[in-house]
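> could you look at this predicted model? Sequence included:
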Amino acid sequence: MSLLDGILVDFASSNQCGLAPGFQSLYSILQATKTKMGSRTLRANLMEPLIDVNSIHYRQDAVENLIDDEKLMFQIQTILLHFTDVERIILACIQENPSRTVSAAEKRITMINQLRRILDILPTLQQALEQSTSDLLKNLCSILNDQRFQVILDILNSQLTIEQTVSSNGFLATKIRRIFSIRSGFDERLDSLRADVIVVIDDVELLEKEFSERFNMPVRYNLTNARGFSLEIIGEFKGILPANVISVAKRQKSTFITTLQLAHLSDRFELLYNDICLLTDQIILILLAKIRPHFGCMYRLIEAISIIDMIQSFAEVSKARDYVRPMFGLNTKVIKGRHPVIDLFGQQKPIANDIELCKEMNIILVTGPNMSGKSTYLRQIALLQILAQIGCFVPAEQARFRIVNEIFSKIRQHDNLFTGQSTFSSEINHIAFILNCMTPNSMIILDEICSSTSTNEGLALATSITETLCRSQAFVIIATHLQQLTSVGYIYRNLANYHFNVIYNDKIGSDTDSDSINRLRRFHPQTILNQLKEQNTIIYSYTLRPGICKDLHYGIALASQIEDLQTVVELAKCVAKYYIRKKEVLYYFLFL
């Protein structure tokens, strides 16, 4: 996908909105992929969502197909579990001058066997995808129909062992599989070395039987990288060990012993194993040279498996969490949208809020107290937009989005010790970048703009920035504590004021706004409201309402909940009343 095919999400915005991999990020809630290729594709799509509506619809159709057909989704998920990291396999296979060490040989032997198993299971995946009604999944199925896959598989099967006799996954079993990777009869020297390995294993098994009969207890042999061959006496052993035991180790109820003969057999096995790996590697390098001309199809296979894995991940997440399929148009309207991360990780069910942006009302200015949900709402808008444009369903009752070409955000800013920039300097540089790069199809998220400098200068700059954005066609959502900034809505009719309201303990009484109390009772029992009369408590409704937040001193109200600050809070209330009388008479006149 080229830059012309996807949204521009700058690095700062991806971190601030929670796109990057990490706990409680958008990536973490969508991470239901079964392969590493699918995980990488998911991460890439979150950083660069689609802008082509038809491509998004193809993905949505595929997601909907898998949601409706649970059997097909389960089949695909089960098959994908057999796919290892194909990209890593290809990288190992295309090296022209590879290392010839035993370690490198082991990796190539493992890779070539993984490649054969992947090609062997492709027809099963193809049969599953043929049941799909989605055009995207059918197109991906046609990629798997490339005849070059069968050509590569035939070449591999001509020299590799098809049936592996060892099915366990232990350290010894892995080595045995590498030893017998090449068919018997293909190389006489290799067959001779493998015969010697069988003799060594037989000798170890004889020792196992001998010690089991001597101790009259179950004994089994093990091979580890540190100890080599050892015998494990299963259960509490209280007998006397023979004199030829040179090493003893206890782990839980088992006793591990090594004899001089076992040590010699370990050395012999290691020498034979190294020779076999190097000889097998020579055969595999010749084999890779034969299949390399047909390897072009493998790159298309990576693309197909990655997208299939990402689509099934979208389907699994959307079905499990009751997401809906979004539509696309000229406006954005989300009914009862939920923050996707809080929807999964939140301790309580999130409060759903609406989102509405259009050409005539493309700016939303959100006010409200600290901790009322402003920043969360801003992130929610960005995350839902990205979910929609990667082809996933979204957490809402109904959703329609305008396609955006860029997403810019300024949610939190810190000083930069390396460049010597203060918090305000970093913030204003970021805002300058946004204003210079925005287009009519941009989405801009701004939280607490110009709050890192003096109040008057911050208000002046915030007002100027807001007016500049009002003259654009970009969709803009701004959260602020600057009540005076809401007056821009009286000048520019494309700016809508919204707020998150709260109720304080001193407001619960006969003079309390009945609408506010009724709204709160929908989220909180009456007993909690009664307790507020006696407690220093704030109730947050987390519900977005039209209009301007009229609550003042909400910062002081929040600080008053800390018992150690009561003296400071009382003084702060007096100072606040003084500033209101002296400097904000006009502001109160406007909003009475």
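Cool, got the structure. Residues are numbered from 1 along each chain as shown.
> the residue most distant from the middle of the protein, which is it?
A243 (57.2 Å; CA atoms, centre = their mean).
> and that one, backbone torsions?
phi -70, psi -20 (degrees, to the nearest 10).
> give me the domain ranges for the protein.
For the chain, the structural domains run 31-158+295-320, 188-290, 327-561, 562-592, going by automatic domain parsing.
> so how far does the second one reach from one end to the other?
Pointing back at domain 188-290 there. 22 Å (CA to CA, to the nearest Å).
> dump the C-alpha coordinates for stretch 315-328 into PDB.
Output of stretch 315-328 as PDB, limited to C-alpha atoms (Å, rounded to 0.1, in the frame of the first residue of the first chain):
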ATOM      1  CA  ALA A 315     -14.400 -10.600  12.600                       C
ATOM      2  CA  GLU A 316     -13.600 -12.200  16.000                       C
ATOM      3  CA  VAL A 317     -13.400  -8.900  17.800                       C
ATOM      4  CA  SER A 318     -16.500  -7.400  16.200                       C
ATOM      5  CA  LYS A 319     -18.600 -10.400  16.900                       C
ATOM      6  CA  ALA A 320     -17.400 -10.800  20.500                       C
ATOM      7  CA  ARG A 321     -18.000  -7.200  21.400                       C
ATOM      8  CA  ASP A 322     -21.200  -6.400  19.500                       C
ATOM      9  CA  TYR A 323     -19.700  -4.000  17.000                       C
ATOM     10  CA  VAL A 324     -21.700  -2.600  14.100                       C
ATOM     11  CA  ARG A 325     -20.800  -2.100  10.400                       C
ATOM     12  CA  PRO A 326     -20.200   1.600   9.700                       C
ATOM     13  CA  MET A 327     -21.300   3.300   6.600                       C
ATOM     14  CA  PHE A 328     -19.600   6.200   4.700                       C
END
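> contacts for that stretch?
Stretch 315-328 has contacts (CB atoms under 8 Å, 6 or more residues apart in numbering) with 29-30, 32, 53, 56, 60, 62-64, 66-67, 73, 77, 343-344, 387-388, 392-403. The way it works is simple: take the backbone N, C-alpha and C, and place the C-beta from them, glycine included.
> circling back to that earlier point, need the domains of the chain in a markdown table (columns: mean pLDDT).
As requested, the domains of the chain are exported to a markdown table (pLDDT from 0 to 100):
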| stretch | mean pLDDT |
| --- | --- |
| domain 31-158+295-320 | 92 |
| domain 188-290 | 89 |
| domain 327-561 | 81 |
| domain 562-592 | 63 |
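> before we move on, back to that, which ones among the contacts of stretch 315-328 map onto helices?
Those of these mapping onto helices are 29-30, 53, 56, 60, 62-64, 66-67, 73, 77, 343-344, 387-388, per DSSP state H.
> just the buried ones from the contacts of stretch 315-328?
29-30, 32, 56, 60, 62-64, 66-67, 73, 77, 343-344, 387-388, 392-396, 399-403 (16 or more other CB atoms under 10 Å).
> just the helices in the stretch 301-450 of the chain please.
340-345, 374-389, 423-437 (DSSP state H, counting those that start in this stretch).
> touching, R108 and D281? I think so.
Yes: taking contacts as CB atoms under 8 Å, R108 lies within contact range of D281: 5.8 Å.
> list phi and psi for the nearest residue to D267 once chain neighbours are set aside.
Excluding its sequence neighbours, the residue lying closest to D267 (CB to CB, 6 or more residues apart in numbering) is G228, at 7.5 Å. The phi/psi pair for G228 (degrees, to the nearest 10) reads phi 70, psi -140.
> tell me the bridge partners for G228.
Taking DSSP bridges, one obtains T224 as the residues bridged to G228.
> buried stuff in stretch 457-466?
For stretch 457-466, a neighbour-count test (16+ other CB under 10 Å) marks G458, L459, L461, A462, T463, I465, T466 as buried.
> now what about the helix or strand hosting the second one, what contacts it?
Element membership of L459 [criterion: DSSP states H and E] is helix 455-470. By CB under 8 Å, 6+ apart, the list of residues contacting helix 455-470 from outside reads 363, 365, 428, 431, 435, 444, 446, 449-453, 476, 478, 480, 482, 484-485, 488, 491-492, 494-495.
> strands of the stretch 401-550 of the chain, residue ranges please.
Secondary structure of the stretch 401-550 of the chain (DSSP state E, counting those that start in this stretch): strands located at 406-410, 442-447, 475-479, 495-504, 538-546.
> nearest to I556, out of those strands?
strand 495-504 (10.1 Å; CB to CB).
> tell me the SS of S132?
What DSSP: H, G, I helix; E, B strand; the rest coil gives for S132 is coil.
> how about it: what's its closest non-neighbour residue?
Excluding its sequence neighbours, the residue lying closest to S132 (CB to CB, 6+ apart) is N65, at 5.6 Å.
> now the one you found: how far from A315?
8 Å (CB to CB, to the nearest Å).
> before we move on, what about N244?
Distance from N244 to A315, by CB to CB: 61 Å.
> can you list the buried residues of stretch 457-466 in JSON lines and add distance to L81?
Shown next, in JSON lines, are the buried residues of stretch 457-466 (distance: CB to CB, whole Å):
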{"residue": "G458", "distance to L81": "54"}
{"residue": "L459", "distance to L81": "57"}
{"residue": "L461", "distance to L81": "54"}
{"residue": "A462", "distance to L81": "52"}
{"residue": "T463", "distance to L81": "56"}
{"residue": "I465", "distance to L81": "51"}
{"residue": "T466", "distance to L81": "51"}
